[in-house]
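1. Could you work out the structure for the sequence below:
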Amino acid sequence: MKTSDTATFLLSLLPQISRRTPQSSSSSTELQNCGAARYYPTEYTCYDGSFLCPVLDGQPTERCGDACYSPESYACQNGELVFANATCSDMPRTLHLSDGAYDNFFYSDCHSATQVVVTSPLPDSNLTIIGPRLIVAWPAGNSGIAAFFSPANGINGTLGISMTNSTDGSPLGPVYQSNGFNTTPIAGIEGVLDFNSSAVLSLAILGSIRTIRDFTEGPSLLQPIIQNANMYSVMDDGSGVVSRMWLDNTTMTSLMFMPLDGGNITVGNRSLSFAAGQYGFSASFNYTQLEQLSPSQVLSPQAHDLITNEIEDTTALSFFSYTNKLLAGGWRFLTYFGRDTMITALLMDSVLSQGNASAIEAVIGSVLERMNRTDGSACHEETIGDYATFLNYNDNITTSVNHTSTAPQYDYKMVDTDLYLPVLMKRYFVDSDIGKSRSQTFLSQAAGKVNPKNLNLTWANLAQLNAERIMNLTTPFVTNMTQENLVHLKDGQIVGQWRDSTYGIGGGRIPYDINTALIPAALRAIAALSNATNGSFYPDYPQWSSEADKKAQVWEDSTLQFFQITVPQAEAASRVESFANSSSFYSGPSNAGNITSDYVFHAISLDGYNNFSMVEIVNTDDCFRHYLLNTTNQTQLTSFVNQTANHILLPFPAGLTTDLGMVVANPALASAEEASVLHANFTNSAYHGTVIWSWQLAMMAKGLEYQIGRCSADKPDFCSDSVVLGNVKAAYNKLWDGIEKNKQYVLSEVWSWSYANGKYEFADLGTLPPPPGVGGSTESDVRQLWSLSFLAIQRDSNIK
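-> Predicted coordinates:
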């Protein structure tokens, strides 16, 4: 399509050259010659010695015949301008993943990235939870569309929807249109949807994924200011459209359905009705897109063989990877999450790209850029796009011209996110030769490009603020080793680490993982960064090179005791029997006979709900100490690695292992005082209950491998104890047996199980009824960033 009007507009700018006045006397702003014209290099580019094109928004435009154009919106073909929808030189990256009732499609090209999820009930689906639905999710702005359908006959379970390949053989194709030189292009996807019977689009949510999740995961919240802006219409050609202008009064999201093969659409009271048949659909919006990293850009050169050998997984990794941040997972978390991306970078550092414009630097830079300069807290999650405007509207945050602000908001409630940053910085800037060479250039970058509140600081300044926070936070316990001086959740918050659901750590105020593993690991990293051979990262605090190490030793050696629980063998067996006999979600054997000695574990937190002094949940958070620390208290270390091994070797509910993998929480060992509450809340349908999280499998596997590997280096005492070392090796292999047996699930976020007919059966978490008091079921992402860690973590066959 020719764009002569745009060319005329650009050429009309050229006569203004003579009216420009210089802003400084530097050579870069002195008038220069371009044929008969004079120009400033900061404002124009001279082509072929006589043709000027303007610089717009700091970016030079390019020449095309007698016109100038922006490569983001246009292309030059045979000396004429065309819209850029024909300019993607590479083939699109696509991925199709089926997950029970959820059919997932990924599509990305040089213009945009999209995930589509088509949900259709299966014969055995719980129809109170699973219904026909179309989700379109975009990383740009964490934006999306949810369209909920119901059968026109009113009989649940009779309507099925599915994606159909288009005439070119692919399920999805691109939508891209640039409507003007200074407008944001319209981007999205198109496909074909099939209804097996008459259907009604009964509810549409357009705008933010966060708005959609408020409805699907909570008490079905709908915001009138958002929903009332939906416009329903039928076009002259019979197409049905739902569209909504965002609260920014600029961005428009549209969902269009086009009848195929005699289909028919009618508009009702904020609904669309469809006859049975096939319908082309398109979903699009005009919002600034992210710049995606290709598989070859996100992976190190040494790992490029994965692109061919693991094409699905590397395609998913690329979908979550962008030049300025990595995203946590799809469809529910297509935005920045600090903890998730840093854990991923740690687990995958052996295969991720390093250096300028690399995946590792995108992760570290994204955390530093979003830092809270007032107290050094690292951002857990960003709120962007339409949901940010919605929150700003509610908070009456306006711009200078009294419009509702569209500025992002940043969540600093988590405690653990702060602690991962120095650990990752040490891994890259101290342990990696590439990182060492990049440290000064990287950290000297000016902050404020994403979070304007950090203007006039560098990333080095922000890294030091974070370290100051950690050093200050950890001092009271070193001075006086009491429970009160352990690190608590922030005031007013019920979450603060990775188990960030309402009952994730049982309401505890003092988390196990933070105090016993993450804090000493962060302190060790600060010491290493302070003493780095490529220059101290904290030049204002030279004493930290020794002080942080001394603090770390205290935290390593003196925190486990506050969480340790020892249950006599007979009592432990009795508790497990009681659980098996009364459980509402488990009907299998107790396996209590496998408990042959006193049962030792560490509470998941302290000071929990219901005045529980310890939240008595057997858990997988031991993995943080194994993965992040090389502790030296030999008696403690021997007991600790043996404890972890026993938990893995014991079958659920005596331990953590099921046929579907290692569960992250087990309430069966809770005392009589806590049992009824913990049994009810740590179920197989709770987000952080007796379910399997992929990345916890990965960290536990790598952590045990690290500890076993020490037997060939500093050789801790447990290496000479044949029973303990044998247990640890057996646990490592038991864990890996489960991982390999369930390899079809390990790249998803979280999964669950049911027990029937004497065996475990896989269950998607989102298909199970939620625990009591929880507003809605929690759907698992089909792919989660940190679950892709198994691209880097492999079984060590030498451990036998």
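
2. Against residue 786, how distant is the residue nearest to the spatial centre of the chain?
-> Nearest to the mean C-alpha position of the chain, counting by C-alpha atoms, centre = their mean, stands residue 328 at 1.1 Å. In this view, residue 328 and residue 786 are 8 Å apart by C-beta to C-beta, to the nearest Å. Yep, even glycine has a C-beta here, placed from its N, CA and C like the rest.

3. Mind listing the shared neighbours of these two?
-> Common neighbours of residue 328 and residue 786 are listed as residue 340 (criterion: C-beta atoms under 8 Å, 6 or more residues apart in numbering).

4. returning to what we had before: so what's the residue nearest to the centre of the chain up against?
-> Counting by C-beta under 8 Å, 6+ apart, residue 328 makes contact with 320, 334-337, 340-341, 784-786.

5. so of those, which ones are in strands?
-> If you go by DSSP state E, the contacts of residue 328 have residue 784 in strands.

6. between the contacts of residue 328, which is nearest residue 254?
-> residue 334 (19.2 Å; C-beta to C-beta).

7. so the closest one touches residue 136, yeah?
-> No - at 11.2 Å, residue 334 does not count as touching residue 136 under the criterion of C-beta atoms under 8 Å.

8. related to what we said a few turns ago, can you redo the contacts of residue 328 as a markdown table with distance to residue 263?
-> Shown next, in a markdown table, are the contacts of residue 328 (distance: C-beta to C-beta, whole Å):
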| residue | distance to residue 263 |
| --- | --- |
| 320 | 35 |
| 334 | 31 |
| 335 | 36 |
| 336 | 40 |
| 337 | 40 |
| 340 | 42 |
| 341 | 43 |
| 784 | 36 |
| 785 | 39 |
| 786 | 42 |
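
9. ok, the spatially closest residue to residue 766 that is not a sequence neighbour - contacts?
-> Distance criterion C-beta to C-beta, 6 or more residues apart in numbering; nearest residue to residue 766, sequence neighbours excluded, is residue 779 at 3.4 Å. Residues in contact with residue 779 (C-beta under 8 Å, 6+ apart) are 102, 216-217, 332, 764-766.

10. Closest to residue 183 out of the residues you listed?
-> Lowest distance from residue 183 to the contacts of residue 779 (C-beta to C-beta) belongs to residue 332, with 30.2 Å.

11. how about the residue lying closest to that closest one once chain neighbours are set aside, what does it touch?
-> If the residues on either side of it in the chain are set aside, residue 332 comes closest to residue 781, at 5.4 Å by C-beta to C-beta, 6+ apart. Taking C-beta under 8 Å, 6+ apart, we find residue 781 in contact with 329-333, 748-749.

12. thought residue 194 was touching residue 277?
-> Yes - using C-beta under 8 Å, residue 194 is in contact with residue 277, at 7.4 Å.

13. which non-adjacent residue is nearest residue 280?
-> Closest residue in space to residue 280, ignoring its immediate chain neighbours: residue 258 at 4.1 Å, by C-beta to C-beta, 6+ apart.

14. SS state for residue 744?
-> The three-state label given to residue 744 by DSSP: H, G, I helix; E, B strand; the rest coil is coil.

15. which of the contacts of residue 781 lies closest to residue 294?
-> Proximity of the contacts of residue 781 to residue 294 was ranked by C-beta to C-beta; the top entry is residue 330 with 17.4 Å.

16. Tell me how many other residues crowd that closest one.
-> For residue 330, the count of nearby residues is 27 (other C-beta atoms under 10 Å).

17. got it, and the one 10 residues further on?
-> Residue 340 has 25 neighbouring residues, counting by other C-beta under 10 Å.

18. for the stretch 701-800 of the chain, what spans make up the strands?
-> Assigned by DSSP state E, counting those that start in this stretch, the strands in the stretch 701-800 of the chain fall at 750-756, 759-763, 783-784.

19. residues in contact with the shortest one?
-> Right, the one you point to is strand 783-784. Contacts of strand 783-784 (C-beta under 8 Å, 6+ apart): 97, 104, 316, 319-320, 328-330, 333, 340, 694-695, 747-750.

20. now swap in stretch 428-440 and tell me
-> Outside stretch 428-440, the residues touching it (C-beta under 8 Å, 6+ apart) are 349, 354-356, 360-361, 364, 427, 442, 528-529, 532-535, 537.

21. State the mean pLDDT of it.
-> Across stretch 428-440, pLDDT averages out at 98.

22. List the backbone torsions phi and psi for the residue nearest to residue 766.
-> Torsion angles at residue 779 (phi, psi; degrees, to the nearest 10) stand at phi -80, psi 140.

23. ok, now how distant is it from residue 637?
-> Counting by C-beta to C-beta, the gap from residue 779 to residue 637 is 40 Å.

24. Please apply the same query to residue 545.
-> Going from residue 545 to residue 637 by C-beta to C-beta gives 25 Å.

25. Can you give me the first-to-last residue distance of stretch 508-516?
-> Chord length of stretch 508-516, first to last residue, is 15 Å (C-alpha to C-alpha, to the nearest Å).

26. One more: stretch 774-792?
-> Terminal residues of stretch 774-792 lie 35 Å apart, using C-alpha to C-alpha.

27. distance between that stretch and the chain's centre?
-> In terms of C-alpha atoms, centre = their mean, to the nearest Å, the centre of stretch 774-792 is set 9 Å apart from its chain centre.

28. Which of the residues in that stretch are classified as buried?
-> 774, 776-792 (16 or more other C-beta atoms under 10 Å).

29. Please work out the average pLDDT along it.
-> Mean predicted confidence for stretch 774-792 is 91.

30. ok so residue 431 is a strand residue?
-> No - when three-state DSSP is applied, residue 431 is found to be coil, with no strand at that position.

31. show me where the stretch 151-300 of the chain has helices.
-> Here the stretch 151-300 of the chain has its helices, by DSSP state H, counting those that start in this stretch, at 209-217, 224-227, 295-298.

32. Also the stretch 401-550 of the chain?
-> Going by DSSP H, counting those that start in this stretch, the stretch 401-550 of the chain shows helices at 416-429, 433-443, 459-479, 512-513, 519-530, 544-558.

33. Of all those, which one is nearest residue 375?
-> helix 459-479 (6.0 Å).

34. Helix 433-443 and the closest one, what's the angle between them?
-> If you take axes from the mean of the first three to the mean of the last three C-alpha atoms, to 10 degrees, helix 459-479 sits at 110 degrees to helix 433-443.

35. what's helix 459-479 packed up against?
-> Using 3 or more C-beta pairs under 8 Å, 6 or more residues apart in numbering; DSSP states H and E, the elements in contact with helix 459-479 are helix 359-369, helix 416-429, helix 433-443, helix 519-530, helix 544-558.
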